[in-house]
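Enquirer: From the sequence below, what's the structure:
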Amino acid sequence: AYMKWLRLRVVCFALLLALAPAGVLQAQVTVKLAAEPAGALQTATEKNFYLVMPKRFFRAKGETAFTTPYIAELYYTTDGGGTWTSWGLFKDLNKPLEFTADQEGRYGFFVTLVDRKGNHDFIPESGTGAQAMVLVDWTAPEIEILAPGGGEVVGGADTLEIKWRAEDLFLADLPITIEYSIDSGTTWQPLAARQENTGSFSWKPPDSFEGRILIRLSAADEVGHTASAMVASPILIDTTPPKATLEGPTLAATDKVTLEAAGDDGDGSGLLEWRLWVSHDNGVSWSPAGNTAAGEPIVFSAPSGRYGLFASAVDRAGNTSAIPRSGDAPQTFLQIDTKVPLVRLKTLKMGGSVRGGSRIPIQWEAVAPKLAPKPVAIYLSPDGGNSWTIVAADLPNSGNLFWDVPSINSSNCCLKVTLRDASGAVGEAQSAKPFTIDSIPPTSAVGIAPSDLLQPIGDLSQVLRPLGKAETETPQDLQGDSEEPAKPGRQQEVQPRPQTPRPPAGEVTSGTMPEPTQPPSAPWTTPREEPYAGTPGPDASAEDVLKAAFAAYKCGRLNIAKDYFLRAARLAPDDPRPHAALGKVYMMLAGFAYSSKKEAFEAALYEFEKALSLSGEDADVLNDMGFALLQTKRYEDAVKALRRATAAGSKPVYWYNLGLALYRQGQSNEALEAFLKAAALDPQMKEVSFFIGRMYSDLGQWEKAKEYWRKAADGYGPEDRLGKMALAGLQKAREALGEVTPEPQKVPLKEKLDRIR
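Expert: The predicted structure follows:
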């Protein structure tokens with residue numbers, strides 16, 4: 001019986017040898033076996049892999065019944081050594097053992113040796129330790145972003161909730177990585193790495209974080225597989241409050257007044273809502289006066305009286321601009337009277353100086369319950385109000401009149417505007433402080449402020465200089481370089497650029513600061529020949545028509561000037577000068593008020609484009625175009641035009657306008673650089689100093705802020721509205737530097753400014 005059993009075992013063993021694996025697999029992964037049980041976990045990312053035995057793999061040297069040569073038998077377990085299963089026999093011990101896993105999991109391996117007689121050196125049993133532990137995982141994780149879905153807007157007070165689902169049989173211990181991209185996925189930056197698979201993460205964007213971002217989540221398993229998921233569309237992070245201010249009106253003859261507000265959210269989420277505040281005590285206390293959706297008119301309803309008003313804006317991310325607090329000055333004052341006419345003088349209200357013989361605009365605001373036809377009259381007093389002479393009467397209530405200043409000399413002049421309603425009642429307003437008319441030409445420019453050497457805006461003489469005609473004389477009453485010979489098709493002098501009316505003197509605002517008045521450019525010169533004063537006949541040349549247009553312009557007859565410039569453009573289609581002049585005339589007709597004369601600005605832009613197509617890169621025309629684009633709030637296009645202007649020329653006004661456009665776009669660093677270049681070209685430009693002081697204050701660079709606030713305060717003077725704001729900025733800078741004691745918070749604003757002054 002024993003011999004029969006032995007013969008049967010030998011036959012079975014021979015059959016096993018014949019059936020042993022013979023290297024049919026194409027595995028790439030190699031796993032090392034150890035002679036003793038090993039605890040280190042190895043990984044395999046494919047079903048097929050090799051197991052490599054040590055060079056000397058003998059465990060039964062002392063067994064006399066165990067003879068050579070050896071054959072290897074491979075056992076495996078998938079339950080941590082609870083049960084072992086034979087995989088097969090391998091004849092060649094010099095080759096790796098090939099294995100194919102039928103499913104993913106944690107495998108243990110044990111190799112035992114078998115001699116020709118079928119004797120095993122050791123057979124693994126339950127509890128036997130593995131010679132190699134291998135995690136077999138050929139599947140990447142699954143990950144899905146549940147929130148955000150894309151397109152969300154996150155404000156400064158918000159938290160972005162990121163939620164996901166990640167699954168894998170063998171996820172790593174801290175498998176989740178969260179990243180964001182600010183360049184549409186070109187590059188990625190870590191937001192949170194090595195996170196637990198909790199399914200959610202809360203992120204509060206820092207205050208300085210702005211822009212549209214993509215969110216990407218990645219999951220990793222133990223063998224190194226990763227999978228990623230990204231939101232479908234960008235998320236807008238908007239942590240910057242919008243800017244908002246009220247621009248008027250200041251007078252009303254009805255108890256329901258539509259207010260004009262200006263708001264800007266830069267590249268943020270856009271304005272959502274206006275919030276109106278009212279004060280009955282000049283800013284000592286404030287109360288809400290209603291909310292209005294952005295894009296809808298802001299209507300203030302109140303009985304007759306004087307009100308301080310303040311507007312704040314809320315953007316779609318929930319950020320809110322400054323709201324007024326006790327002691328804050330109103331952004332504007334509104335006087336309502338439904339019974340009598342109301343008048344407000346804007347020009348030369350708080351003193352100043354004008355040159356006799358010059359031409360300046362007189363501006364006013366007037367309302368009445370029922371206006372009479374042509375109800376406005378303007379008067380001049382050279383003796384402080386003791387006697388009055390008529391400047392103009394029976395005027396329409398247009399709010400603007402070009403005034404030829406008489407050639408007198410007096411430091412005690414006053415202006416008065418009267419308004420008559422249909423019942424015969426008359427309202428009036430006059431200069432609060434006398435101003436000076438000076439008709440004596442200076443013999444030297446030493447000691448004269450640069451602004452006193454500049455002519456009023458709107459002159460077209462440099463536009464109308466004949467093509468190709470050289471100018472060789474330099475005016476004796478102005479400083480500057482000699483004029484160069486004119487080149488065909490190109491303007492030689494700086495075109496005085498449009499100027500928005502200066503805010504009323506004596507009114508101080510807080511919250512969003514208004515922009516300073518924009519200065520005219522360099523001095524202009526009158527033509528060497530007298531303007532053509534007659535009406536050009538049907539056969540008149542283009543030059544004669546241009547002269548007639550100039551004469552009409554000088555008389556304030558802008559519509560006639562427009563017709564003549566259009567005629568000159570038809571007569572000389574290749575001449576850029578009529579188009580450059582038309583652009584200016586259209587902006588003058590607009591009154592520099594985009595909200596009411598959009599069409600005029602569009603026409604001006606068309607003419608500037610036409611002039612540029614004929615003259616090439618003319619820096620002055622590009623500057624005028626940039627200004628018009630600024631007024632129509634097309635800041636990106638304004639930046640492009642003004643960059644072209646600064647490339648074609650280098651005048652301070654170009655850099656100043658470029659700084660304004662960049663500032664409106666929210667590009668503060670580039671705006672500051674442009675303002676500094678303007679200041680380097682003209683250190684006396686007070687508007688530039690005002691902006692630089694404000695921007696250095698925002699940056700906390702108080703020494704520099706102090707320097708420029710002081711320049712702005714000196715330039716505007718203590719009585720000017722912006723001068724008072726510059727003084728307030730100077731006080732804040734000195735407080736931050738520890739040079740002065742901070743002002744008590746409850747001191748009235750007027751008292752504060754008087755103390756600083």
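
Enquirer: only C-alpha atoms for contact and neighbour calcs from this point on.
Expert: Fine.

Enquirer: for residue 352, what are its contacts?
Expert: Listed by CA atoms under 8 Å, 6 or more residues apart in numbering, the contact partners of residue 352 are 434-436.

Enquirer: give the contact list for residue 168.
Expert: So residue 168 contacts 140-142, 221 (CA under 8 Å, 6+ apart).

Enquirer: now it: how far from residue 137?
Expert: 10 Å (CA to CA, to the nearest Å).

Enquirer: Identify all contacting residues around the helix or strand hosting residue 415.
Expert: Residue 415 is part of strand 410-421 when elements are defined by DSSP states H and E. Residues from elsewhere that reach strand 410-421 (CA under 8 Å, 6+ apart): 340-345, 348-349, 364, 366, 368-372, 375-385, 426-431, 433-438.

Enquirer: I'd like to know which of the contacts of residue 168 is nearest to residue 173.
Expert: residue 221 (8.3 Å; CA to CA).

Enquirer: Ramachandran coordinates for the closest one?
Expert: phi -100, psi -180 (degrees, to the nearest 10).

Enquirer: ok so, going back, using a markdown table, lay out the contacts of residue 352 together with distance to residue 661.
Expert: Listed next are the contacts of residue 352 as a markdown table, based on distance: CA to CA, whole Å:
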| residue | distance to residue 661 |
| --- | --- |
| 434 | 36 |
| 435 | 34 |
| 436 | 35 |
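
Enquirer: of those, closest to residue 691?
Expert: Checking the contacts of residue 352 one by one against residue 691 (CA to CA), the nearest turns out to be residue 435, at 27.6 Å.

Enquirer: Return the distance of that closest one relative to residue 347.
Expert: In terms of CA to CA, residue 435 sits 10 Å off from residue 347.

Enquirer: Could you pull up the mean pLDDT of stretch 326-344?
Expert: Stretch 326-344 shows a mean pLDDT of 89.

Enquirer: shaky segments in the stretch 551-700 of the chain?
Expert: Scanning the stretch 551-700 of the chain for pLDDT under 70 picks out 591-598.

Enquirer: you'd agree residue 656 is in a helix?
Expert: Yes: applying DSSP: H, G, I helix; E, B strand; the rest coil, one finds residue 656 inside a helix.

Enquirer: Verify the contact between it and residue 670 for me.
Expert: No: using CA atoms under 8 Å, residue 656 is not in contact with residue 670, being 11.7 Å away.

Enquirer: out of these two, which sits in the busier spot?
Expert: The neighbour count for residue 656 versus residue 670, taken as other CA atoms under 10 Å, is higher for residue 656 (26 against 14).

Enquirer: residues in contact with that one?
Expert: The contact partners of residue 656, taken as CA under 8 Å, 6+ apart, are 674-675, 678, 688.

Enquirer: Find the residue at the geometric middle of this protein.
Expert: residue 666 (2.6 Å; CA atoms, centre = their mean).

Enquirer: Just give the nearest non-adjacent residue to that residue, would you?
Expert: residue 266 (5.6 Å; CA to CA, 6 or more residues apart in numbering).

Enquirer: Quick check, that neighbour in contact with residue 662.
Expert: No: using CA under 8 Å as the test, residue 266 is too far from residue 662 to be in contact (10.3 Å).

Enquirer: Which one of these two is surrounded by more residues?
Expert: residue 662 (24 against 18).

Enquirer: give me phi/psi at the more buried one?
Expert: phi -60, psi -40.

Enquirer: could you measure it against residue 670, distance?
Expert: 7 Å.

Enquirer: quick one on the thing from earlier: what's the farthest-apart pair in the contacts of residue 168?
Expert: 142 and 221 (10.1 Å).

Enquirer: Between the two, point out the one with more neighbours.
Expert: Taking neighbours as other CA under 10 Å, residue 142 and residue 221 compare with residue 221 leading, 22 against 16.

Enquirer: Quick check: closest non-adjacent residue to the more buried one.
Expert: Per CA to CA, 6+ apart, closest to residue 221 is residue 171, 3.9 Å.
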